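> Following is a predicted model, sequence given first.
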There are 2 protein chains.
Amino acid sequence: MKPSESIKAVVFDVFGTCVDWRSGVAREVALAAARRSVAIDAHGFADAWRGRYQPAMEEVRSGRRPWTILDVLHRESLDALLPKFGLGMLDEAERRDLARAWHRLDPWPDVVDGLARLRRRYVIAPMSNGNVALLLNMARRAGLPWDLILGAETSRAYKPLPGSYLNAVAMLGLEPGEVMLGAAHEDDLRAAAAVGLRTGFVARPLEFGEGRRTDRGDAAPWDIVARDFGELAARLDC
Amino acid sequence: MKPSESIKAVVFDVFGTCVDWRSGVAREVALAAARRSVAIDAHGFADAWRGRYQPAMEEVRSGRRPWTILDVLHRESLDALLPKFGLGMLDEAERRDLARAWHRLDPWPDVVDGLARLRRRYVIAPMSNGNVALLLNMARRAGLPWDLILGAETSRAYKPLPGSYLNAVAMLGLEPGEVMLGAAHEDDLRAAAAVGLRTGFVARPLEFGEGRRTDRGDAAPWDIVARDFGELAARLDC
């Protein structure tokens, strides 16, 4: 059966798949540093901040820490990193604003049009570890036309835990096989497939910067492998 | 301070406030009965079905029953009512379809335009006891342009419990005073105001049919009292 005959919703990983977190965070960090006349490796800062993402979530996934939204984890990582980059003088207002850089990321150029096409036929939603307010503010700023916002906060579980996907599927009132996850990360797709979701790989060769390694979509027989959201929409008959 | 200076999101009661549940349910029941050649008081059926709504939720609110979404409560009420209206012969497929009548309700004529105006300036979302899939399917069918879907299921608490409102406010990343509830029901507004939300009353004199009593917006000094969503938008400077 073609995917388009059984799928009713397409949910998406967001950081890296829909938006270019590295350029966006670097832009915001560079602005904050310039206001303090500090020279900084802004892309290095973005990489270091993102590097604390999985360990911070693992504290919650493991149960060592009660449920905590990503905005809080991002702020804690930021506070830990700032002194290492010569930005320990940033005050509370500057830190609060910079922590929300993740709310102000730009989509890759193919995303808004691809989502608009997909939405004509399918329910579309983020399925992200970002919290609801982050994804909401990002969507309004970037024009991402989600039907609703799903993710770790509505599921109360961080990806790749099974509940992160299955609670979202249940909220949609669907079966796992009626939902496709679109993602640039094969570990995310693998976890979704393990609990019955369909899978759409979208290549994002520039996620980590020029010349850096990214997943290529060949780690497993994903239902669809696409070079961008336009091709994903076309393969899903939109 | 004018409401529009402090408010960042407007959330809405749905059944009665946004959509005409009585006409919609009656239409669907009449169709189901006609297919079985049964004569029925379709509006009486709608009123009886809605009459079981608060008692069913109270089992959950009181803690006597674990969390259960409204689709399930609606289906149980339907199964109990059908024999009383001579429709005990409806089979599983007919019952499943009829239980989803609540997903297929029409908005009052002023709602889609009013929400589109409000959305330019404010985050808009349902804040309903309906479950996510119900509100999602309703929104796609009726063209309700929500930014996201909030409600009892995302809050894991039925209105008017304080958590139903406060968990939604927290997900929005806002303070209670930055969120207005729009509703045609003064008990809903009273509960929201008690936990700090702003209040917008919208009159729906036909919710229960011609000549039946509805709230008039005079039970308390609500922040706004409007005759429809157009006036609500205007009063909120949209």
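All right, it came through fine.
> how about residue A:103, what does it touch?
A:133, A:134, A:137, A:138, A:141 (C-beta atoms under 8 Å, 6 or more residues apart in numbering or on different chains). Using the backbone N, CA and C atoms, a C-beta is placed for each residue, glycine as well.
> now residue A:122
A:7, A:8, A:9, A:10, A:236, A:238.
> Can I get the residues you listed in a markdown table including distance to residue B:15, pLDDT and neighbour count?
A markdown table is the format used below for the contacts of residue A:122 (distance: C-beta to C-beta, whole Å; pLDDT from 0 to 100; neighbours: other C-beta atoms under 10 Å in any protein chain shown):
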| residue | distance to residue B:15 | pLDDT | neighbour count |
| --- | --- | --- | --- |
| A:7 | 30 | 98 | 23 |
| A:8 | 24 | 98 | 15 |
| A:9 | 24 | 98 | 25 |
| A:10 | 29 | 98 | 26 |
| A:236 | 33 | 98 | 24 |
| A:238 | 32 | 96 | 18 |
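> I'd like to know which of those residues is nearest to residue B:168.
For these, the minimum distance to residue B:168 (C-beta to C-beta) is 22.2 Å, reached by residue A:9.
> how far does stretch A:82-90 stretch from start to finish?
8 Å (C-alpha to C-alpha, to the nearest Å).
> Report the buried residues of that stretch.
A:82, A:85, A:87, A:90 (16 or more other C-beta atoms under 10 Å in any protein chain shown).
> Work out the gap between it and the centre of the chain.
26 Å (C-alpha atoms, centre = their mean, to the nearest Å).
> Could you list the residues in contact with that stretch?
A:32, A:33, A:36, A:38, A:40, A:41, A:44, A:45, A:48, A:95, A:98.
> which secondary structure element contains the residue of chain A positioned farthest from its centre?
For chain A, the residue at maximal distance from the C-alpha centroid (C-alpha atoms, centre = their mean) is residue A:37, at 31.1 Å. Using DSSP states H and E, residue A:37 sits within no helix or strand.
> Please tabulate the contacts of residue A:122 in TSV, including the columns secondary structure and distance to chain B.
Converted to TSV, those look like this (DSSP: H, G, I helix; E, B strand; the rest coil; distance: C-beta to the nearest C-beta, whole Å):
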residue	secondary structure	distance to chain B
A:7	coil	15
A:8	coil	10
A:9	strand	9
A:10	strand	14
A:236	coil	17
A:238	coil	15
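> Look at residue A:201 and give its secondary structure.
With DSSP: H, G, I helix; E, B strand; the rest coil as the basis, the three-state label of residue A:201 is strand.
> and after the longest helix seen in chain A, which helix or strand comes next?
Secondary structure assigned by DSSP state H gives helix A:21-35 as the longest helix of chain A. Using DSSP H and E, the helix or strand that follows helix A:21-35 towards the C-terminus is helix A:42-51.
> Residues contacting that following helix, please?
A:21-23, A:25-27, A:29-30, A:33, A:74, A:77-78, A:81, A:84-85, A:208-209.
> Would you write out the PyMOL command that picks the buried residues out of those?
Applying 16+ other C-beta under 10 Å to the contacts of helix A:42-51, the buried members can be selected in PyMOL as follows:
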select buried, chain A and resi 21+22+23+25+26+27+29+30+33+74+77+78+81+85+208
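> Mind telling me what element residue A:217 is part of?
Per DSSP H and E, there is no helix or strand for residue A:217.
> Go ahead and name everything in contact with the helix or strand bottoming out on mean pLDDT in chain A.
Scoring the helices and strands of chain A by mean pLDDT, DSSP states H and E places helix A:3-6 at the bottom, with a mean of 87. When contacts are defined by C-beta under 8 Å, 6+ apart, helix A:3-6 is touched by residues A:121, A:177, A:178, A:180, A:198, A:200, A:223, A:224, A:235, A:236, A:237.
> How about the contacts made by the nearest residue to the third one once chain neighbours are set aside?
Using C-beta to C-beta, 6 or more residues apart in numbering or on different chains and skipping the chain neighbours, the partner closest in space to residue A:178 is residue A:8 (4.5 Å). For residue A:8, the contacting residues are A:122, A:123, A:172, A:174, A:178, A:179, taking C-beta under 8 Å, 6+ apart as the criterion.
> Nothing else from me, thank you.
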